[in-house]
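Undergrad: Build me a model from this:
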Amino acid sequence: MHPAQHMFRTHGGTFSRACRDLSVETPIGRWNMLEAQPAPDLAGLVECYWEGWGDIPPMREKILPRANVELMFNLKGQHRILELDGREVDNDQNRGWLSGLQRRFMLIETVNGSHFLAARLRPWGAWRLLRESMHAVSGAVPRIGDLWGRASDTIKDRLLSAANPFERFDIIESVLRERIDQRRQQDIGVTEASARLLASQGRLRISEVCRGIGSSRATLSRKFRDQVGLTPKTYARVIRIEALMTHLAGHGPDQWAMLAEDFGYHDQAHLNRDFREFCGTTPEEYLRRAAPGGGATLEDPPS
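TA: Numbers count the residues shown, from 1 in each chain. Here you go, the predicted model:
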């Protein structure tokens, strides 16, 4: 079952904020979700805000790579990261965290229900928010408390005290507006290169991107390392695998060889290798386990 997309508007601050209801029935229970657009002055830095909640049973899921950064506040439930960037870990994330761009999936465990409020940031938006190189958080999931100290507890208390998701969207937006470094301006070459890669679903060669924006490969790679966290080539591969997952979630299986050609892989074997590297599974297994809307797979629950 795919999310129902009901558009409605609510007043956020001084403008009318468009929202979508993306709630779904899943194999483990109902997952309620609202997605909201940012104010116009933050639209170049923030992709969206979202709130999700559900009284779901204990579960494990793989969170698959995507081309943006998630700033998460945990409002209910207990969450642990069990695998990150190809290595086993055991990190509790019970207050909130920031997920930098990932080269591989994350395996997380959730118990006692779930309720999140999140800002989905463009990489350079996170760069201006954190005021440090995005390479420092690539493949990492730092806790918000480690990033912002006691201020993170104050923000969480404000979110918990808010009457509804729309008030929480306003709160998180005000926090971002206060904390984003207005003196730091993202490099136009980085944003233009990203736009070209996104438009091509990651299939455009980096050499073509460099020619199109008038940059050397070394210069673009240096700027991407700082403001995105990945090399342009790896970033393009993440974009492509995310586009492929979105296609599969919406259309189901196709002729695999034709699909590989459509997404710019050399052949089906190349598609399978990339999928296993980034997602830790085959495309067929992804289809069997995909969460509604794609982007994650539901794994066997904890015993």
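
Undergrad: In terms of helices and strands, where is Ala119?
TA: If you go by DSSP states H and E, Ala119 is part of strand 106-121.

Undergrad: what mean pLDDT does that strand have?
TA: When the per-residue pLDDT values of strand 106-121 are averaged, the result is 95.

Undergrad: From the rest of the structure, what touches whatever helix or strand comes next after it?
TA: Past strand 106-121, heading to the C-terminal end, the next element that is a helix or strand (DSSP H and E) is helix 123-130. With Cβ atoms under 8 Å, 6 or more residues apart in numbering as the contact definition, helix 123-130 has outside contacts at 42, 44-46, 67-69, 71, 98, 100-101, 121, 133-134, 136-137, 147, 176, 179-181, 184, 186-187, 190-191, 194, 226-229. To be clear about C-beta, it is placed using only N, CA and C from the backbone, and glycine gets the same treatment.

Undergrad: Using ChimeraX, define a selection of the buried residues within those residues.
TA: The following ChimeraX selection, which keeps only the buried ones among those, applies the criterion 16 or more other Cβ atoms under 10 Å:
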select :42,45,46,67,68,69,71,98,100,101,121,134,137,147,176,180,186,187,190,191,194,226,227,228,229
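
Undergrad: Arg80 versus Arg225, what's the distance?
TA: Distance check for Arg225 against Arg80: by Cβ to Cβ, to the nearest Å, it reads 30 Å.

Undergrad: Please apply the same query to Asn272.
TA: With the distance defined as Cβ to Cβ, Asn272 ends up 30 Å from Arg80.

Undergrad: just to revisit the earlier point, from the contacts of helix 123-130, which land in strands?
TA: Assignment to strands by DSSP state E places the following of the contacts of helix 123-130 there: 46, 69, 71, 98, 121.

Undergrad: and Leu259, that's in a helix?
TA: Yes. With the criterion set as DSSP: H, G, I helix; E, B strand; the rest coil, the secondary structure at Leu259 is a helix.

Undergrad: my guess is it meets Leu271, correct?
TA: Yes. Between Leu259 and Leu271 a contact is recorded at 7.0 Å, counting by Cβ atoms under 8 Å.

Undergrad: shared neighbours of these two, which are they?
TA: With contacts taken as Cβ under 8 Å, 6+ apart, Leu259 and Leu271 have Leu244 as neighbours in common.

Undergrad: chain center to whichever helix in the chain runs longest, what's the gap?
TA: Secondary structure of the chain read by DSSP state H shows that its longest helix is helix 232-251. Mean-position distance between helix 232-251 and its chain equals 12 Å (Cα atoms, centre = their mean, to the nearest Å).

Undergrad: for that helix, packing partners?
TA: Using 3 or more Cβ pairs under 8 Å, 6 or more residues apart in numbering; DSSP states H and E, the elements in contact with helix 232-251 are helix 188-199, helix 206-213, helix 217-227, helix 268-279, helix 283-289.

Undergrad: ok, so of the ones in strands among the contacts of helix 123-130, who is nearest Ala36?
TA: Minimum distance to Ala36 across the ones in strands among the contacts of helix 123-130 is 10.0 Å, recorded for Val46 (Cβ to Cβ).

Undergrad: quick one: contacts for the residue nearest to that closest one when sequence neighbours are not counted?
TA: For Val46, the nearest residue in space outside its immediate sequence neighbours is Pro38; the separation is 4.0 Å by Cβ to Cβ, 6 or more residues apart in numbering. Neighbouring residues of Pro38 by Cβ under 8 Å, 6+ apart: 45-49, 173.
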